[in-house]
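Peer 1: Here is my input, please return the structure:
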Amino acid sequence: MNAQPAIKLAAMPASQALQASARAETTGLWLGLLGVVIFALTLPMTRLAVGTPADPQMSGIFIALGRAAAAGGLSVLFLLFTRAPLPRRADWRPLALTAAGVVFGFPLLTSVAMRHVEAVHASVIVGVLPLATAGVGALLHKQRPSNGFWLCAALGSALVVAFAMLRSGSGTTVSPADALLLLAMLCGAVGYGYGGLLSQRMRAEHVICWALVISLPVTLPAALLSWPAPTVRVAAWWGFGYVAVFSMWLGFFAWYRGLALGGTVRVSQVQLVQPFLSMLFAVPLLGESLDAVTVGFSLAVIATVFVGKRMPVKISPSAQKPKP
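Peer 2: As a prediction, the model looks like this:
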């Protein structure tokens, strides 16, 4: 069944429409939180799979494209089982952009970067993802965030860059790994934004499945060509299995459904907890430690996101009209 909230609400009396809208937003927030909890383990599990410079395990290319290939195989089965219709002609372009962001861009960039930075460090960089997602969502849904929103976005981004420069050792440049992580956040925001847009007219589960299936001609051969050596530890395979089944597949079932029900700009605020969850998972899983500087920058970034989320967002008249 296709999700078309605007059409359904337009057919209801005003009081029922308000109640239905409130219920949908609440459900969307809970589903979004479930997706964030799943995604919060992505960086620690990726670090587990890729290893360290002193103890390398799987290559970043295999982790990124191999997990997409594995999830693509599961997607083929799911689409057949649910008798999913083919996407409409107008949906192929946003599907391709969704795939570019969350199937290729985000996984590949983070997988390469995670060999060179700890998951706790990378979690601070992830702090800008909520504002980036909200910004992309606002543009796609023809919403107009206030100047205060964009000011908070700029301040949060500046804090993340300052943290990256501080940790780079030079104090004046961003390390290549941090630059990859920042690009990954942009890719993730684009993929989330277009995926959330598609989830307004397609089943949320079908959005990520079709994005993965159309990527298979690239991801499957690349995964086979970059297959890791037999000496890779079992723990690395567990990390790979998690990012393939949960981070790349099931997490998006909840996340895109949440974006469709609650709205991209509002539901993306639950990503506020993702940096802290990633840090908490990284400590027992990887034996990493937290220091005051890392926690302080993380709190500062999340504060700017929290304030930014409370800034007004105007909706253009054309965006309020239900689309057929």
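Peer 1: so where is the stretch 201-324 of the chain shaky, pLDDT-wise?
Peer 2: Per-residue confidence of the stretch 201-324 of the chain (counting by pLDDT under 70) places the weak regions at 265, 309, 313-324.
Peer 1: where do the helices sit along it?
Peer 2: Remark: helices assigned in the stretch 201-324 of the chain by DSSP state H, counting those that start in this stretch are 204-225, 234-242, 251-262, 264-267, 274-286, 292-309, 317-320.
Peer 1: I'd like those as CSV, with distance to residue 113 and mean neighbour count appended.
Peer 2: Quick note: C-beta positions are derived from backbone N, CA and C, even for glycine. Rendered in CSV, the data for these read as follows (distance: least, Cβ to Cβ, whole Å; neighbours: other Cβ atoms under 10 Å):
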stretch, distance to residue 113, mean neighbour count
helix 204-225, 18, 21
helix 234-242, 15, 17
helix 251-262, 20, 26
helix 264-267, 25, 26
helix 274-286, 14, 20
helix 292-309, 17, 18
helix 317-320, 36, 10
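Peer 1: if I look at residue 19, how far off is residue 26?
Peer 2: Counting by Cβ to Cβ, to the nearest Å, the gap between residue 19 and residue 26 amounts to 11 Å.
Peer 1: That should have said residue 289, apologies.
Peer 2: As judged by Cβ to Cβ, residue 289 and residue 26 stand 37 Å apart.
Peer 1: For stretch 126-136, what does the pLDDT average out to?
Peer 2: Along stretch 126-136, the predicted confidence averages to a pLDDT of 81.
Peer 1: picking that back up, quick check: which of the helices of the stretch 201-324 of the chain is nearest to residue 85?
Peer 2: Ranking these by their distance to residue 85 (criterion: Cβ to Cβ) puts helix 204-225 first, at 8.5 Å.
Peer 1: Show residues contacting the closest one.
Peer 2: Contact with helix 204-225 is made by 3, 61-62, 65-66, 68-73, 75-76, 78-79, 82, 84, 87, 95-96, 98-99, 102-104, 195, 198-199, 202, 248-249, 252-253, 255-257, 259-260, as judged by Cβ atoms under 8 Å, 6 or more residues apart in numbering.
Peer 1: before we move on, what about stretch 63-79?
Peer 2: 46, 49-50, 58, 84, 103-104, 107-108, 110-112, 205-206, 208-210, 212-213, 215-216, 218-220, 222-223, 226-227, 240, 243-245, 247-249.
Peer 1: do that again at 6 Å, thanks
Peer 2: Residues lying outside stretch 63-79 but in contact with it, judged by Cβ atoms under 6 Å, 6 or more residues apart in numbering, are 49-50, 103, 107-108, 111, 209, 212-213, 215-216, 219-220, 222-223, 243-244, 248-249.
Peer 1: Over to stretch 277-291?
Peer 2: Outside of stretch 277-291, the residues within contact range by Cβ under 6 Å, 6+ apart are 40-41, 43-44, 47, 118-120, 123.
Peer 1: mind listing the strands for this protein?
Peer 2: Listed in chain order, the strands found in the chain under DSSP state E are 143-145, 313-315.
Peer 1: what sits against residue 59?
Peer 2: residue 226.
Peer 1: In this structure residue 140 contacts residue 193, no?
Peer 2: Yes. Checked against Cβ atoms under 6 Å, the pair residue 140 and residue 193 is within contact range at 5.1 Å.
Peer 1: Same drill for the two, tell me which one is more crowded.
Peer 2: Neighbour comparison, residue 140 and residue 193: the larger count goes to residue 193, with 28 against 18 (by other Cβ atoms under 10 Å).
Peer 1: can you tell me how far the more buried one sits from residue 144?
Peer 2: Distance of residue 193 to residue 144, computed by Cβ to Cβ: 15 Å.
Peer 1: same check, this time on residue 109
Peer 2: In this structure, residue 109 and residue 144 are 30 Å apart, going by Cβ to Cβ.
Peer 1: Now do the longest helix seen in the chain and helix 274-286, the angle between them.
Peer 2: Selection of the longest helix in the chain by residue count, based on DSSP state H, yields helix 14-40. With axes from the mean of the first three to the mean of the last three Cα atoms, to 10 degrees applied, the angle from helix 14-40 to helix 274-286 works out at 30 degrees.
Peer 1: Buried residues, helix 14-40. List them.
Peer 2: By neighbour count with 16 or more other Cβ atoms under 10 Å, helix 14-40 contains the buried residues 21, 24-25, 28-40.
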